[in-house]
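Chemist: Have a look; sequence and predicted model below, questions after that.
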Amino acid sequence: VAASAGGGAPPVVSHATEVVPCGNVLGESPVWSVAEQCLYWVSSVGKELWRWDGASPAVRRGLPEVVGCCALVAGANSTALVALEHRGIGTFDMRTGAFSPIVDAWEPGQNTRPNDGRVDREGNFVIAGYNNIHRADALESSGVYCLPAEGGELVRIRDGNVRCSNATCFSPDGTTMYFCDTPQRRLLAYAYAPGAPLGEGRVVWEMPAGLAGGPDGAQTDAQGGVWMALSGAGRVSRVDPATGRVTHEIRLPCDMPTSVTVGGADLDTLYMTTRKPDGGGLFAAPMPAGLRGLPEPEYGAPSTKQNAPDGAPAAALTTTTNGMFVDVA
């Protein structure tokens, strides 16, 4: 059943294919680097950061603990911003394995971890959390924060807590933030200014009662549509925020897509992470005609000053025996 909402024509449906059989227990947070022409993503509970240029075998490197998400870092090569369960938020260099903290803890004393985050159009990192036992206690116990581009402390930007943050992304002009608390099964839109408190959210789209699962990671395209992974429903849906209508759907051969972004040399390819038991690979599909992505913002600099790599050499690699991906030495 197509997840149409808001009236109008049914969504245009296409299908994704697996491009990296990475076997992630919980793949998450794909981000495309225009500067490096490669995709980064994480295996969350697998404690890994992955990188793939679309041609060579994918690269992975182990992280010191469970990771919620990753983001690009302005001027850095083979380096990502990562949000770790206990050690907080910092940069991780895939060449050396060095983690350099910016925020040295995540919600001390709480049974939470960082979950979903994305860099806004001005280079700030918006990150929200996950109640580690929300399926048992159903409590909203983790916050929504902004880490300024220049560093410093996390700034709480949303009143109230969440159970399981997801779908964080920004309109092309940066003035709207999209977000959901997955158990509520609604995509919200907030007026957004970097570091300022979020006001009341507007419901953009609500998942139909007959559709299993909930909204997971999301990304916007250049035309302003919001692409959402519907984990449990086996699809990624594009919602028009102006009408609440699902205009396009990408079907996957597994039930649990977890997040989505747009990449490729012409920003015309959708990349989707998935999770086990029936998924775990990285999937891709062409963007529909007339739609394109935007360059992924990088932490630490506004969009007008981004996408300039530091020119550092690529990491030294050691090939695994199966030849499908490589581990950093």
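Modeler: Perfect, I can see it now.

Chemist: any idea of the pLDDT on the nearest residue to Asp278 once chain neighbours are set aside?
Modeler: Using Cβ to Cβ, 6 or more residues apart in numbering and skipping the chain neighbours, the partner closest in space to Asp278 is Cys254 (4.5 Å). For every residue, glycine as well, the C-beta is placed using N, CA and C. Cys254 is assigned a predicted lDDT (pLDDT) of 98.

Chemist: tell me the phi and psi of Cys254?
Modeler: phi -140, psi 160 (degrees, to the nearest 10).

Chemist: quick one, what contacts it?
Modeler: Gly234, Thr274, Asp278, Gly279, Gly280, Gly281 (Cβ atoms under 8 Å, 6 or more residues apart in numbering).

Chemist: Pull the contacting residues for the closest residue to the last one other than its chain neighbours.
Modeler: Think Gly281. Sequence neighbours aside, Glu18 is the residue nearest to Gly281 in space, at 4.3 Å (criterion: Cβ to Cβ, 6+ apart). Listed by Cβ under 8 Å, 6+ apart, the contact set of Glu18 reads Pro253, Gly281, Leu282, Phe283.

Chemist: Next: Leu84.
Modeler: Counting by Cβ under 8 Å, 6+ apart, the residues that Leu84 touches are Leu63, Pro64, Glu65, Val66, Val67, Gly68, Gly90, Phe99, Trp106, Pro114.

Chemist: Surely the last one is in a helix?
Modeler: No. Secondary structure of Pro114 (DSSP: H, G, I helix; E, B strand; the rest coil): strand, not part of a helix.

Chemist: isn't it right up against Glu65?
Modeler: No. Assessed by Cβ atoms under 8 Å, Pro114 is found out of contact with Glu65, at 11.0 Å.

Chemist: okay, and the common contacts of the two?
Modeler: In contact with both Pro114 and Glu65: Leu84, Glu85, using Cβ under 8 Å, 6+ apart.

Chemist: how far does stretch 270-283 sit from the chain's center?
Modeler: 13 Å (Cα atoms, centre = their mean, to the nearest Å).

Chemist: And stretch 232-240, by the same measure?
Modeler: The answer for stretch 232-240 is 15 Å, by Cα atoms, centre = their mean.

Chemist: can you check stretch 31-50 too?
Modeler: With Cα atoms, centre = their mean, you get 10 Å for stretch 31-50.

Chemist: now that stretch: mean pLDDT?
Modeler: So the average pLDDT for stretch 31-50 ends up being 98.

Chemist: Just the terminal-to-terminal distance for it.
Modeler: Length of stretch 31-50, first residue to last, Cα to Cα, to the nearest Å: 11 Å.

Chemist: Stretch 47-61 now?
Modeler: 9 Å.

Chemist: How about stretch 232-252?
Modeler: The first and last residues of stretch 232-252 sit 11 Å apart, counting by Cα to Cα.

Chemist: I'd like the numbering to begin with 25 instead of 1 from here.
Modeler: That works, and once the first residue is 25, the last one we named lands at stretch 256-276.

Chemist: what residues does the strand or helix carrying Cys204 touch?
Modeler: Remark: Cys204 resides in strand 200-205, with elements defined by DSSP states H and E. Here strand 200-205 makes contact (Cβ under 8 Å, 6+ apart) with 144, 150, 152, 164, 168, 186-195, 210-216, 222, 225, 228, 238-239, 242, 244, 250, 265.
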